[in-house]
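Asker: missing the sequence, but the structure's below:
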Ligand SMILES: Cc1cc2nc3c(=O)[nH]c(=O)nc-3n(C[C@H](O)[C@H](O)[C@H](O)COP(=O)(O)OP(=O)(O)OC[C@H]3O[C@@H](n4cnc5c(N)ncnc54)[C@H](O)[C@@H]3O)c2cc1C
């Protein structure tokens, strides 16, 4: 089975600052003609910015058939963050074909979404497509400006959490205090990898959830400096699916692949 992903050249058509730390990039142009969404609401693409060869991964916030929207967190230092912080309209980037992980079982009676700012684009897209009662916990630094915008659906049941500062996250602690709804549902979470590892343990050991009832993804690694490389989740995802592994096993393998050797 090939692990090579299809690639597309795309032009940055528009750039808009949504909040202090979130920048919207709208991509388009003839290179995207063959692009097809998977329809899975947390689908992501690899993004390679000009003069770089390494990819970083971003959620497809929306795809209209000709325009692809990515919402990029602008943090302190980083390959994409430094590029997206300036006016990049007119520049050409490369993106890879999308893959998605969200797989809510048909019988789920509720949905919980938990994440930091990097997960907000996926949580917004998931919340706008699901019909089951949904609760969201969002740990974001820009809550006041995002609360007042229509970023999340107006009827979404959202708890905004203040990050502790210094780029840290307390999402794992927050999840351990959640009051869980009765019955079967689906739990989706993404954010900093160490927090996600802690939550996987909690869901498996304390809550004893079957792996089909949750999807927990490490979106970024809190390391002291620019990452020497980012690991493409695409090939790990495709190989894991081909081998019949669960989403949980695949995302745990993805975390392991990113540990320093
Ligand atoms: C499937 C998937 C979907 C994703 N979707 C999105 C999305 O829609 N929007 C989005 O913004 N990100 C998303 N991410 C996360 C994004 O890929 C990472 O944050 C990435 O590391 C950013 O690249 P960079 O070049 O800016 O920083 P890097 O060069 O990768 O890292 C530089 C430094 O910044 C730190 N760092 C990296 N990310 C963050 C952060 N978010 N906050 C604080 N410090 C950070 C690192 O620890 C490192 O010290 C997704 C990741 C995955 C795997």
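Answerer: In hand now; what should we look at? Treat the numbers as computed from the prediction; the structure is a model and nothing was measured.
Asker: The closest residue to residue 130 other than its chain neighbours: how many residues sit nearby?
Answerer: Closest residue in space to residue 130, ignoring its immediate chain neighbours: residue 111 at 5.6 Å, by C-beta to C-beta, 6 or more residues apart in numbering. C-betas here are computed from N, CA, C, even on glycine. Counted with other C-beta atoms under 10 Å, residues neighbouring residue 111 total 21.
Asker: How about residue 211, nearest residue that isn't a chain neighbour?
Answerer: The shortest distance from residue 211 to any non-neighbouring residue, by C-beta to C-beta, 6+ apart, is to residue 248 (4.0 Å).
Asker: any residues touching the host helix or strand of that neighbour, and which ones?
Answerer: According to DSSP states H and E, residue 248 maps onto helix 247-258. Outside helix 247-258, the residues that touch it by C-beta atoms under 8 Å, 6 or more residues apart in numbering are 101, 103, 193, 196-197, 200, 211, 214-218, 221, 230-231, 233, 236-237, 240-241, 245.
Asker: picking that back up, what's the spacing between the residue nearest to residue 211 and residue 216?
Answerer: According to C-beta to C-beta, to the nearest Å, residue 248 stands 7 Å off from residue 216.
Asker: Compare those two (neighbour count), which wins?
Answerer: Set side by side, residue 248 and residue 216 show more neighbours around residue 216, with 27 against 20, by other C-beta under 10 Å.
Asker: Now look at the helix or strand that one falls within and say if it contacts the ligand.
Answerer: Assessed by DSSP H and E, residue 216 sits inside strand 214-220. Yes - if you take C-beta under 6 Å from any ligand atom as the test, strand 214-220 does meet the ligand, through 219-220.
Asker: Give me the distance between the closest residue in space to residue 50 that isn't next to it in sequence and the ligand.
Answerer: Nearest residue to residue 50, sequence neighbours excluded (C-beta to C-beta, 6+ apart): residue 91, at 5.4 Å. Distance, residue 91 to the ligand, by C-beta to the nearest ligand atom, to the nearest Å: 15 Å.
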